[in-house]
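Visitor: Sharing a model prediction with you, sequence too.
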Amino acid sequence: MIDLPKTASVVVIGGGVMGASTAYHLAKAGARQVVLLEREPFFGLGATGRCAGGIRHQFATEINIRLSQHSLRLLDELEAETGQPALVRKCGYLFVLTRPEEVTAFERNVRLQRSLGVPTEWLSGDDVRRRLPSCVFPDALAGTYLASDGLADPNSVVMAYVNAARRLGARCLTDVKVTGIELTGGRVTAVVTPDGRLTTDCVVNAAGPWSAPVAALAGVALPVQPVRRQWLTTSALPSLQADFPFVIDFAQSLYFHPEGQGLLTGMSNPSEPPGFDQSVDPAWELVHLEAAARRLPLLEQAGVTSRWAGLYEVTPDAHPILGDTPVGGFFVVTGFSGHGFMHGPICGLLMAEWIASGQARTLDVSALRLSRFADPERTVEYNVV
Ligand SMILES: Cc1cc2nc3c(=O)[nH]c(=O)nc-3n(C[C@H](O)[C@H](O)[C@H](O)COP(=O)(O)OP(=O)(O)OC[C@H]3O[C@@H](n4cnc5c(N)ncnc54)[C@H](O)[C@@H]3O)c2cc1C
């Protein structure tokens, strides 16, 4: 039986990167009695622990680029801030473009990135082929590359925030599933679990792919759908070039990045229906492996050492939802649509600022409010993998 507190100033639901970062930043800002509840036996077993670890500035909208600028700086500073490093590896991200319409869109995106101070390089098709001698890209029309994009370690980031939040007095508990949220007069009054009830007037829904069912407990409809994505890692590839970056064949949503002595590779299934199934789809793995070996024939010399599937938490415009809801005291930080690991550090800070002062201060994120979906006009993020 878990020793659940009877009351909390803030209850954060979900112990992935969003919940851990939010709990830490609330505690750091001086909030007392912060309680983080995770239903699994360990933190970070949801989308965060199953993600590919990519961190990048190369997005198509100003808000996502700015979230990355802040968040990647926080990842660089994580060890100084919490005592635990994010294990950042700046191997660079190289998007390979094979369709004329992608070239047009990425030209616009790179102009936007540069205008915000992100020095993304533009590559010709021949530059791409020279830069990736082990790959087969006869159809590459162009590419974009940023050396300061790369990788970080999801579990290190989650545990850095959980441990630091605990040192500041937050209660971070596993094996506690939230099964109910009580309201009085349209405001949150308590959170219900099989281990007891916590009275509180503030709840943060950081339940990632499960955030819509958690929001429904408070009577809030969230347009967030879980969509399965999967990847695998390979055995050692000693002949792979040492400076192999994070490579994305954008048209196929196919990607590779260095992992241990081998590679991690994934490919998004455009026909994957929404659902909570987290088992690896063997039929899609075959499609993926064939496509991957066509681009990187070296893969035929490697074995598969691990395979994982997890869930993206997808919104209609591929942007996150951050802020308040029609229910008083009920906040959400979710819907990152495939790039939430990298935005976890800053979004936890923004969420904590919003709760403390009614708005985020470090960055204007009013465009990310849930209420935006009432407007049929949407700005959609194009650089989704
Ligand atoms: C295959 C894959 C690859 C990805 N690659 C990248 C990448 O390279 N870079 C990147 O930035 N992002 C990537 N992502 C996306 C990223 O993983 C997510 O956007 C991010 O981890 C979301 O974090 P979260 O904390 O919101 O959700 P989660 O990590 O899923 O955390 C939510 C937590 O809530 C808990 N929970 C749910 N319901 C309840 C309840 N009722 N009570 C208590 N707890 C509950 C869950 O158990 C879970 O631990 C990838 C995702 C996948 C699936």
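Guide: Sure, I can see it.

Visitor: Which pLDDT value belongs to whichever residue of the stretch 101-250 of the chain sits closest to the ligand?
Guide: Closest contact between the stretch 101-250 of the chain and the ligand, by CB to the nearest ligand atom, is at G208 (2.2 Å). The C-beta positions use only the backbone N, C-alpha and C, and glycine is treated the same way. Residue-level confidence at G208 comes out at 98, pLDDT.

Visitor: Over to Y382?
Guide: With respect to pLDDT, Y382 has a value of 89.

Visitor: and the gap between it and E107?
Guide: Per CB to CB, to the nearest Å, Y382 is found 12 Å from E107.

Visitor: returning to that earlier point: my read is that the residue of the stretch 101-250 of the chain closest to the ligand contacts V332, right?
Guide: No - counting by CB atoms under 8 Å, G208 stays clear of V332, with 10.9 Å between them.

Visitor: Give me the more crowded residue out of those two.
Guide: V332 (30 against 27; other CB atoms under 10 Å).

Visitor: so the more buried one sits in a helix?
Guide: No - under DSSP: H, G, I helix; E, B strand; the rest coil, V332 sits outside any helix and is assigned strand.

Visitor: Any idea what it is bridged to?
Guide: Beta-bridge pairing for V332 (DSSP bridges): N205, G323.

Visitor: residue contacts, the residue of the stretch 101-250 of the chain closest to the ligand?
Guide: Residues near G208 by CB atoms under 8 Å, 6 or more residues apart in numbering: G14, G16, M18, G46, A47, T48, L311, E313, T334, G340.

Visitor: how many other residues sit next to the third one?
Guide: Summarising burial for M18: neighbours were counted as other CB under 10 Å, giving 36.

Visitor: Name the helix or strand for it, please.
Guide: M18 is part of helix 17-28 when elements are defined by DSSP states H and E.

Visitor: C-terminal to that helix, what's the next element?
Guide: Using DSSP H and E, the helix or strand that follows helix 17-28 in sequence is strand 34-37.

Visitor: re earlier: which of the contacts of G208 come close to the ligand?
Guide: G14, G16, M18, G46, A47, T48, L311, E313, T334, G340 (CB under 6 Å from any ligand atom).

Visitor: Most neighbours among those, which one?
Guide: So for the ones next to the ligand among the contacts of G208 (other CB under 10 Å), the most neighbours sit at M18, 36 neighbours.

Visitor: Burial check on the spatially closest residue to that residue that is not a sequence neighbour, number of neighbours?
Guide: Nearest residue to M18, sequence neighbours excluded (CB to CB, 6 or more residues apart in numbering): A206, at 4.0 Å. A206: 32 surrounding residues under other CB under 10 Å.

Visitor: re earlier: farthest-apart pair in the ones next to the ligand among the contacts of G208, please.
Guide: Maximum pairwise distance among those (CB to CB): 13.8 Å, between M18 and L311.

Visitor: Ramachandran coordinates for G92?
Guide: As for G92, its main-chain torsions (degrees, to the nearest 10) stand at phi 80, psi 150.

Visitor: is it true that it touches G150?
Guide: Yes - when contacts are counted by CB under 8 Å, G92 is listed as touching G150 (6.4 Å).

Visitor: Need the residues touching each of the two.
Guide: P245, F246.

Visitor: could you say what helices and strands the host helix or strand of I346 packs with?
Guide: For I346, the host element (DSSP H and E) is helix 340-357. Helix 340-357 makes packing contacts with helix 17-28, strand 54-55, helix 62-76, helix 154-167, strand 321-324, strand 330-334 when contacts are defined by 3 or more CB pairs under 8 Å, 6 or more residues apart in numbering; DSSP states H and E.
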